[in-house]
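Participant: Fold the following for me, if possible:
(chains A and B)
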There are 2 protein chains.
Amino acid sequence: MKNIIVGQSGGPTAVINSSVVGVYEEAKKLGIEKVYGMVHGIEGFLNDNIIDLDSYLNDKDNIELLKRTPSAFLGSCRYKLPKIEGNEEVYEKIFKILDKHKIDALFYIGGNDSMDTIKMLSDYAKEHNKSQKFMGIPKTIDNDLPITDHCPGYGSAAKYIATSLKEIIRDNASFGVVKPTICIVEIMGRHAGWLTAAASLAKDDTCEGVDAIYLPEVDFDLDKFVSKVKDLASKKSSVVIAVSEGIKTSDGKFVCELNSSDRKLDAFGHKQLSGCASTLANIIANKTGLKTRAIEFSTLQRAATHLASLTDIKEAIMVGKRAVKEAVKGNTGMMVTIKRKNGKYSSTTDIYDIHNIANIEKKIPIEWIDIKNNQLKKEYIEYAKPLINGELLPIFKDGLPVHLIRK
Amino acid sequence: MKNIIVGQSGGPTAVINSSVVGVYEEAKKLGIEKVYGMVHGIEGFLNDNIIDLDSYLNDKDNIELLKRTPSAFLGSCRYKLPKIEGNEEVYEKIFKILDKHKIDALFYIGGNDSMDTIKMLSDYAKEHNKSQKFMGIPKTIDNDLPITDHCPGYGSAAKYIATSLKEIIRDNASFGVVKPTICIVEIMGRHAGWLTAAASLAKDDTCEGVDAIYLPEVDFDLDKFVSKVKDLASKKSSVVIAVSEGIKTSDGKFVCELNSSDRKLDAFGHKQLSGCASTLANIIANKTGLKTRAIEFSTLQRAATHLASLTDIKEAIMVGKRAVKEAVKGNTGMMVTIKRKNGKYSSTTDIYDIHNIANIEKKIPIEWIDIKNNQLKKEYIEYAKPLINGELLPIFKDGLPVHLIRK
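Facilitator: All right, here's what the predicted structure looks like:
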C-alpha cells in the first residue's frame, strides 16, 4: 500500500482528531509513504483539497497538541454522497482523484451519515473492480452507532456534561433560602438519549445529582412534567432537570415545537432543534410562578476538549490504528467497532460490515431507564462510568489551552 | 478578638470559596478562636443559621478541595438590608446574634449589593457604639467594583470565556465549505462589559479570535450590526460574535427586549435579562437567510471552577487574609482592594472606605474600546491577560472533579 487518505465528517467531537493521530501513527509504522488528509471531508476531496499530514504530524509535539485540539483539525462537512445510479460522474471523479495521488485506502471518521459514504464508495469500488479500500472509523458524541459497544467522542461529551452539571447543581443550590430556581438543562441528541443520560453521572459522593432526566426514548408528557416540577419544588431548595433536545410528546411532536412550528431542515433532512429547555422553562414559569432558568450546552458538549476523557482519547487512537491495519490486510467496506471485555473495564477493537451499520441508530435499552423516577438504572451507570475516566489535560500557554491549527 | 464570622453573598464565582480559605487561615494564624460561617449569607444569619468552619477546614485536604469547589460553599443570598431608619429591629437582631456567639468581626464576600450590607452594618455600629468590625471582601465576575484594580472572580470567568470561545471558534470553523454559520455568544454583564470584553482574549497564536464584540458601554445599533454580519459572512467561512446580555439601543431598550417586554425584576430591582443572543440570531436569520446559532454561557461562566485561574485563586485568598488582618487592627467599614504593581504583573492589597464603593459600578474605560472595529484595544488586553494566568486543576475521582460540600 503506497498512500492513504483520512477525512473527518459530521459534527466534531473532542477526540475526532485523536483518530487522525491513530491513522497517521499506524500508517507510518506500517511503512505507508504519504498520509493525506481531506480538507473538509469528501466535499473538499471532490475539489482535490488535500494536505500531506507529514507537514504537521512529523513532530511529536504537534501530535500531543492534536490530541488536545477540539473540532475537526482537517475540517468537516455534511455532504451526503448521491446514490450511485444516475450519479456515476461523482464517483468517477472521486476515483480519479484517488488514482492521481496513488491513494490505496480511504478512511472516514464519522457517525451514521458518514458511514453511508464508506458504504457507497466500497459498493462502487466492488461493482467497478477498483482496488482501493474504504474503512469507517466511528465517531459521534451521540453514541448511536450500532454493533460497537460505544462510540469515540461519547465519553468526552459525557464527561463534559457530568462535570458541568456538578458545577451547575452547586451554583443552583447556592440560593437555598428563597424558593427554588428550576434549572432546566438541554442536552444534544435527536433520537437517542445517550448524551442526556450522562446527566445521571453527575451524582457522586460530592453531588446530589440532577432531579430528573427526560430522554427521547420515553414519550414526554407535559402534565406529568409540570406535576413533577411542582412536587420537587415543594420539597427541595434547588431543582436541576436534564432534558434531551429530542424529547417528543406521544403524538410525535417535539417539545421545542410546542412554541413554534417553523423549524428548518439540515442538509440530511433532520429537523433543526433548539430551545426545548427554554420552552419548558417558560411553560413552568407561567404555570407555577416559579423562577426558572434554561441552560443549553450547545456545541460546547462536543468541543470541550479541555475536559476530554483519557479513556476516550486512547480508544479514538486505537480505532484509527485498527482501521489502517485492516485496510493493509485487504479489508474494505467495514467499520471498526469497540468491544468491551468482561470484568474491570478494558476494551479492544473488532471490524464489522458497514452495510449493517450505516443509517441504523442505536437507542438506550428501555430496561436501563427508570421511567417512574425519571432516572437511569445502574445498568446505564455501570456502562457509562468507565468511559469518562482519566484526563489528558491541556497544554496551557498564558492561561489558555494551546491547539494545533491548519495554516 | 475572640470569634469572627464570614458570609458569602450574591452570584457565586469560581473563587468565592478561596476567600473563605483566606479568612479562615489568617484568623487561625492570628489566634482567633472560632471562625463561623453564615449559611446563606446575612439572610441565614438572621435565622441564626451558622456553622463552625473548624468542622470542615481543620483539614488540609478539605482546604485544597474548597479552593476547587464551585459556587458558594456556605450558601449565598440576595437579601438587601433595609435602610436603618424605621428598621432598627433588623439591626438589633443582627447584633444580638453577634453578641450571643461573641463575634467581634463580620466579613462579607460579595459585589456591589453586598458591600452595601457592610456599609449599613458599620454605620449602625458606629451610631450605636457597637464594637464589632465589618469588612468587605470583593467578589464579582462582573468586575464592576470601583477603586480595586479588578475583582476576584473576574479572572476565572474570563479564563472560562476565552477557553470556551477558543473551542467554539474551532467548532464553528469546522464546516468551512458551506456558507458560514453565524454563531452569537451571549455573555453575562448587565451594565459593564468586562466579562464580554474577555472574549477578546480568545485571540492568540493558535486562534483567530472572535469577529466582533458588543459591549453595554457602547449604544447598540441593529442596522449596523446586520451590516457587519453580512460583511463578515461575505468574507469568512466562520463567524463568531460575542454580545453582552446588557447591550442596549440608543433609546435605552435592551436588545433582548426587542422580542418581548414582559421581563421580571429580581430582588434588587434589576431587570432579568436573557435571550439577547437568540433574539439577534433570529433577527439575522430572518434578515439575511444565514444559518445562525445562539450560545449562552449562562451560569457556567461563574461556576466553572474546573477552569479557574490560579492568579485569581491566589488573590481571592489574599483579599480574605487582608480583611482579617485589618479587622484585628481595628479597622471597620472598609473593603479590601487589589492594587496592581508596575512592570511584570504582580498585585498587592489595600483597604478603602466602603462608603465610596457600595452601589457604584465601574465600567470599561471607553478609550479601551475599538468602537469602529467592535474589538478591544491593547490597553484592555494588557489589563486582562495576567488575570487568567495559571491553573489549579481539579482533583479528579472516577473521571469527575471532587468538591467539598456542606453536610
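Participant: Mind checking which residue lies nearest the centre of chain A?
Facilitator: residue A:141 (1.6 Å; Cα atoms, centre = their mean).
Participant: Would you agree it is in contact with residue A:155?
Facilitator: No: in this structure residue A:141 lies outside contact range of residue A:155 using Cβ atoms under 8 Å: 9.4 Å. C-beta coordinates here come from the backbone N, C-alpha and C atoms, glycine included.
Participant: which regions of the stretch 101-250 of chain A lie under the pLDDT threshold?
Facilitator: A:177-178 (pLDDT under 70).
Participant: Write out the residues of it neighbouring chain B.
Facilitator: Listed as neighbours of chain B in the stretch 101-250 of chain A under the rule Cβ under 8 Å from any Cβ of the partner chain: A:159, A:162-164, A:166-168, A:170-178, A:183, A:201-202, A:204-207.
Participant: Can you say which of these are buried?
Facilitator: In those, burial by neighbour count holds for A:159, A:162-164, A:166-168, A:170-177, A:183, A:201-202, A:204, A:206-207, counting by 16 or more other Cβ atoms under 10 Å in any protein chain shown.
Participant: Tell me where the stretch 1-150 of chain A has helices.
Facilitator: Taking DSSP state H, counting those that start in this stretch, the helices of the stretch 1-150 of chain A run over residues A:16-29, A:41-45, A:54-57, A:60-67, A:88-100, A:112-127.
Participant: name the helices or strands packed onto the longest one?
Facilitator: Secondary-structure packing of helix A:112-127 (3 or more Cβ pairs under 8 Å, 6 or more residues apart in numbering or on different chains; DSSP states H and E): helix A:88-100, strand A:103-110, strand A:133-138.
Participant: Format those as JSON lines; extra columns: mean neighbour count.
Facilitator: Listed next are the helices and strands packed on helix A:112-127 as JSON lines, based on neighbours: other Cβ atoms under 10 Å in any protein chain shown:
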{"stretch": "helix A:88-100", "mean neighbour count": "15"}
{"stretch": "strand A:103-110", "mean neighbour count": "27"}
{"stretch": "strand A:133-138", "mean neighbour count": "29"}
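Participant: Export the ones you listed as TSV, with columns for distance to residue B:132.
Facilitator: Output for the helices and strands packed on helix A:112-127, formatted as TSV (distance: least, Cβ to Cβ, whole Å):
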stretch	distance to residue B:132
helix A:88-100	79
strand A:103-110	64
strand A:133-138	64
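Participant: so which of the ones you listed gets nearest residue A:56?
Facilitator: Among these, strand A:103-110 comes nearest to residue A:56, with 16.2 Å by Cβ to Cβ.
Participant: for that closest one, packing partners?
Facilitator: The contact analysis (3+ Cβ pairs under 8 Å, 6+ apart) places strand A:103-110 against strand A:3-8, helix A:16-29, helix A:41-45, helix A:112-127, strand A:133-138, helix A:310-329.
Participant: Please repeat the previous calculation with a cut-off of 7 Å.
Facilitator: For strand A:103-110, the elements it packs on are strand A:3-8, helix A:16-29, helix A:112-127, strand A:133-138, judged by 3 or more Cβ pairs under 7 Å, 6 or more residues apart in numbering or on different chains; DSSP states H and E.
Participant: what does the average pLDDT come to for the second one?
Facilitator: If you average the pLDDT over helix A:16-29, you get 98.
Participant: before we move on, what SS does residue A:337 have?
Facilitator: What DSSP: H, G, I helix; E, B strand; the rest coil gives for residue A:337 is strand.
Participant: Could you give the number of residues near it?
Facilitator: 22 (other Cβ atoms under 10 Å in any protein chain shown).
Participant: Need the nearest residue in space to it, chain neighbours excluded.
Facilitator: Once flanking residues are discounted, residue A:337 sits nearest to residue A:148: 3.8 Å by Cβ to Cβ, 6 or more residues apart in numbering or on different chains.
Participant: So which of the helices and strands packed on strand A:103-110 is nearest residue A:47?
Facilitator: Nearest to residue A:47, of all the helices and strands packed on strand A:103-110, is strand A:3-8, at 12.7 Å by Cβ to Cβ.
Participant: Contact partners for the residue lying closest to residue A:220 once chain neighbours are set aside?
Facilitator: Closest residue in space to residue A:220, ignoring its immediate chain neighbours: residue A:247 at 4.3 Å, by Cβ to Cβ, 6+ apart. Contact partners of residue A:247, counting by Cβ atoms under 7 Å, 6 or more residues apart in numbering or on different chains, are A:214, A:216, A:220, A:255, A:276.
Participant: wait, isn't the fourth one in contact with residue A:276?
Facilitator: Okay, so that is residue A:255. Yes: using Cβ atoms under 7 Å, residue A:255 is in contact with residue A:276, at 4.8 Å.
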